[in-house]
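Enquirer: Fold the stuff below for me.
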Amino acid sequence: MAEIPAKLVQELRERTGAGMMDCKRALAEVAGDVAKAEDVLRKKGLSAAAKKAGRNASEGAVASYIHMGGKIGVLIEVNCETDFVARTEGFQTLVKDLAMQVAAAAPRWVRREEVPPEIVAKEMEIGKAQAREQKKPEAIQEKIAKGKVEKFYGEFCLLEQPFVRDDKKKVADVVAEAVAKIGENIQVRRFARFVLGEGLEKKQENLAEEIAKVAAQAK
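Expert: Purely as a prediction, here's the structure:
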């Protein structure tokens, strides 16, 4: 086994809750890349999030986030296993951060499994059409289209978006870290995002710039 710095092992352990030796093996497998090692542990079912994912999470909290003097509002429900954890500062902070994420990044779904198949198919077709337009070989058009779909998930699925407070992490990573630290299954159930006047024939001056400020202030 390649020599892996102890600080990397500790970082992976804090992020996943997996055992020290499991963390060390995963890091050795991917040449010390923490993000890839986390994926390895999840696939093997060794991370705390993977182990707890099947446990019942019926407690939790509904949080709101209002910005721009009432022009953007978010409601989000995040579940955990016990009312005790739901009332802890760590869990409440997570829920508030997730509400801010929704306000700033405007996801449409919580996870990729919720995206309607017809929308995924449309994105695939757009990707293939773009590849054909660029004269890409037919053999790689499918690969390019799949890459476009992955990018789509990363933009519009909450758990796959870059976290507004640290864009080196995905929101799913932040939730997994909270699971490891808190010790309970945590699930983002649903959210609703409201923009004042959205869908109405009304001039929305500087709305895009103001939404961008939400993300900037979150960092």
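
Enquirer: and residue 110, how many neighbours?
Expert: Neighbourhood size, residue 110 [other C-beta atoms under 10 Å]: 21. Placement of C-beta: from N, CA and C, glycine included.

Enquirer: tell me the phi and psi of it?
Expert: Per-residue torsions, residue 110: phi -80, psi -50 (degrees, to the nearest 10).

Enquirer: what sits against it?
Expert: 157, 158, 159, 188, 189, 190, 191 (C-beta atoms under 8 Å, 6 or more residues apart in numbering).

Enquirer: so which pair among those is furthest apart in space?
Expert: 157 and 189 (14.3 Å; C-beta to C-beta).

Enquirer: These two: which is more packed in?
Expert: More crowded of residue 157 and residue 189, by other C-beta under 10 Å: residue 157, with 21 against 12.

Enquirer: Would you verify that residue 185 is located in a strand?
Expert: No: judged by DSSP: H, G, I helix; E, B strand; the rest coil, residue 185 forms no part of a strand; its state is coil.

Enquirer: Can you tell me how far it is from residue 179?
Expert: To residue 179, residue 185 is 7 Å away according to C-beta to C-beta, to the nearest Å.

Enquirer: ok so, going back, could you dump the contacts of residue 110 into a markdown table with pLDDT added?
Expert: Converted to a markdown table, the contacts of residue 110 look like this (pLDDT from 0 to 100):
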| residue | pLDDT |
| --- | --- |
| 157 | 97 |
| 158 | 98 |
| 159 | 95 |
| 188 | 96 |
| 189 | 96 |
| 190 | 97 |
| 191 | 98 |
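
Enquirer: The residues you listed, buried ones only, as a ChimeraX selection?
Expert: This is the ChimeraX syntax for the buried subset of these, where burial follows 16 or more other C-beta atoms under 10 Å:
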select :157,158,159,188,191
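
Enquirer: Of the contacts of residue 110, which belong to strands?
Expert: If you go by DSSP state E, the contacts of residue 110 have 188, 189, 190, 191 in strands.

Enquirer: gap between the closest residue to the last one other than its chain neighbours and residue 92?
Expert: Taking C-beta to C-beta, 6 or more residues apart in numbering as the measure, residue 191 lies nearest to residue 76, with 4.1 Å between them; neighbours along the chain are not counted. Noted for residue 76: a distance of 12 Å to residue 92, by C-beta to C-beta.

Enquirer: Compare those two (neighbour count), which wins?
Expert: Neighbours per residue (other C-beta under 10 Å) separate residue 76 from residue 92, with residue 76 holding more: 25 against 15.

Enquirer: Residue 40 reaches residue 28, doesn't it?
Expert: No: counting by C-beta atoms under 8 Å, residue 40 stays clear of residue 28, with 10.0 Å between them.

Enquirer: The helix or strand where residue 131 lies packs against which elements?
Expert: Per DSSP states H and E, residue 131 falls inside helix 117-133. Helices and strands touching helix 117-133, by 3 or more C-beta pairs under 8 Å, 6 or more residues apart in numbering; DSSP states H and E, are helix 138-156.
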